[in-house]
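Asks: Fold the following, please.
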Amino acid sequence: MILTISGITKSYGTNLALDRFTAALEPGIYALLGPNGSGKSTLMNILTDNLKADSGSITYTSDEGVTEDVLKMGVRFREKLGFMPQYPGLYPNFSVERFMWYMAALKGMTKADSMKQIPEILSEVELDDVMRRKIGALSGGMKQRLALAQAVLGDPEILILDEPTAGLDPKQRISIRNYISRIAFNKIVLIATHVVPDIEFIARDVIFLKKGVIVDNAPPHVLTEKIAGSVWIVPCAEDEVQGMQNRFRVTNIARDETTGTVLLRVLNEKKPSEGAGAAAPSLEDYYLHVFGDEASRN
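Replies: Modelled structure (predicted):
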C-alpha cells in the first residue's frame with residue numbers, strides 16, 4: 001500500500017499555499033511540521049478531497065500492486081480514509097454514542113462491526129464513561145478525543161490527523177500518542193501538529209514544510225544528527241539572560257534549584273561561553289533551527 005503525492009500545487013489568489021509537494025507514503029506514521037501558514041491544512045484538505053489542487057496528482061497503490069488515481073477512485077478511496085480535521089464539526093445535541101453510530105452509518109459499517117468497534121474505540125480514547133452525555137456538554141479535550149474516535153472508526157487504511165492532541169492534558173496526550181502508534185502498523189498515518197514531542201519517537205519520517213515547500217524530509221534521528229554539536233546548556237546569572245537572548249537563539253530557560261543558576265538551552269554552531277556544556281539535540285531543537293523566529297509565532 002502506497003499513497004503517492006506528486007507535484008501538488010495550490011494557490012489562494014497570489015498566495016502560493018503548496019508548491020509542488022511530493023512524497024510517497026507507506027504504512028507508518030508521518031509527521032507534518034511547520035509554522036502557521038506553511039500549507040499543512042491545505043495539503044490535508046486536498047488529500048481528503050475537501051479541496052481541489054491546482055495541479056499535481058495523487059495515486060493509491062493497493063497491496064495487490066494496482067495503482068489508481070484517487071480522483072477517479074472517488075467513493076472507493078474515501079472509504080479507505082479516516083479524517084480528523086483541526087476544527088471538527090460535531091453535533092452538540094447528539095450523545096457521544098449516538099454520534100459514533102451516526103458516523104458508522106455514514107461509513108457504511110455493518111451493525112455487527114459497529115457494535116464491536118464503538119465501545120472498543122471509546123474505551124481507548126477514554127470516553128466510555130460519558131457515552132450517553134451530550135456532545136455540547138463535553139470539555140474541549142473530550143471533543144478532541146471524540147473527533148479522533150470517529151476518524152479511526154471503520155478501521156481505515158489511511159488516517160489524516162490535523163492537530164490530534166490539541167487541548168489535551170499531558171496524560172491524555174501520552175495515551176492518545178500511544179494509541180495512534182499501536183494502530184499505525186498497517187495504516188498510513190499523516191499527522192500535522194505543533195506539539196513536536198508528540199511525534200518525535202513514533203514518526204517514521206518527519207516532513208518539514210515552510211511556505212508550501214518541503215525543506216526537509218527524513219527520520220527523526222537523521223534530522224537531529226544534522227545539528228549534533230550545536231546544542232548547549234549554558235549556566236548564567238539571572239541578569240545575564242537578556243544579553244544571552246540578544247546574542248544567541250535560546251530555546252529554553254530553566255533554573256538549577258540547588259544553586260539558583262539559570263540554565264539556558266542554546267542553539268549555536270560554536271560553543272557560546274566557556275562554561276557551556278554540549279547537549280544531545282532533540283527534534284524540537286531541529287524544528288527551531290529550521291524555522292527560527294517563525295516557530296515562536298505559532
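
Asks: Can you show me the strands along the protein?
Replies: 2-12, 15-25, 28-33, 55-61, 67-69, 81-84, 158-162, 188-192, 205-210, 213-218, 231-236, 249-255, 262-267, 277-278 (DSSP state E).

Asks: And the contacts of the last one?
Replies: Counting contacts by C-beta atoms under 8 Å, 6 or more residues apart in numbering, the residues outside strand 277-278 that touch it are 229, 231, 232, 233. In short, each C-beta sits where N, CA and C put it, glycine included.

Asks: What of the third one?
Replies: Under the contact criterion C-beta under 8 Å, 6+ apart, strand 28-33 has outside partners 23, 40, 43-44, 180-181, 184, 188-194, 196, 199, 202-209, 287.

Asks: Which members of those residues are classed as buried?
Replies: Buried subset of these (neighbour count, 16 or more other C-beta atoms under 10 Å): 23, 40, 43-44, 180, 184, 188-194, 196, 199, 202-209, 287.

Asks: Tabulate the contacts of strand 277-278 (TSV), appending neighbour count and pLDDT.
Replies: Shown next, in TSV, are those (neighbours: other C-beta atoms under 10 Å; pLDDT from 0 to 100):
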residue	neighbour count	pLDDT
229	13	92
231	21	95
232	20	94
233	15	94
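
Asks: for these, which one is nearest residue 72?
Replies: residue 231 (47.8 Å; C-beta to C-beta).

Asks: Pairing partners for that closest one in the sheet, please.
Replies: The partner list for residue 231 in beta bridges (DSSP bridges) reads residue 267.

Asks: thinking it is in contact with residue 283, fair?
Replies: No. Contact criterion C-beta atoms under 8 Å: residue 231 and residue 283 do not qualify, at 11.6 Å.

Asks: neighbours of the closest residue to residue 109 other than its chain neighbours, just the number please.
Replies: Counting by C-beta to C-beta, 6 or more residues apart in numbering, residue 154 is the residue found nearest to residue 109 once chain neighbours are left out, at 5.5 Å. Residues lying near residue 154 (other C-beta atoms under 10 Å) number 20.

Asks: Report the contact partners of residue 154.
Replies: 79, 82, 104, 107, 109, 113, 117 are the contacts of residue 154 under C-beta under 8 Å, 6+ apart.

Asks: Throw those residues into JSON lines and include distance to residue 61 and neighbour count, thanks.
Replies: What follows is these, written out as JSON lines (distance: C-beta to C-beta, whole Å; neighbours: other C-beta atoms under 10 Å):
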{"residue": "79", "distance to residue 61": "16", "neighbour count": "13"}
{"residue": "82", "distance to residue 61": "19", "neighbour count": "21"}
{"residue": "104", "distance to residue 61": "28", "neighbour count": "20"}
{"residue": "107", "distance to residue 61": "23", "neighbour count": "18"}
{"residue": "109", "distance to residue 61": "25", "neighbour count": "19"}
{"residue": "113", "distance to residue 61": "26", "neighbour count": "15"}
{"residue": "117", "distance to residue 61": "27", "neighbour count": "18"}
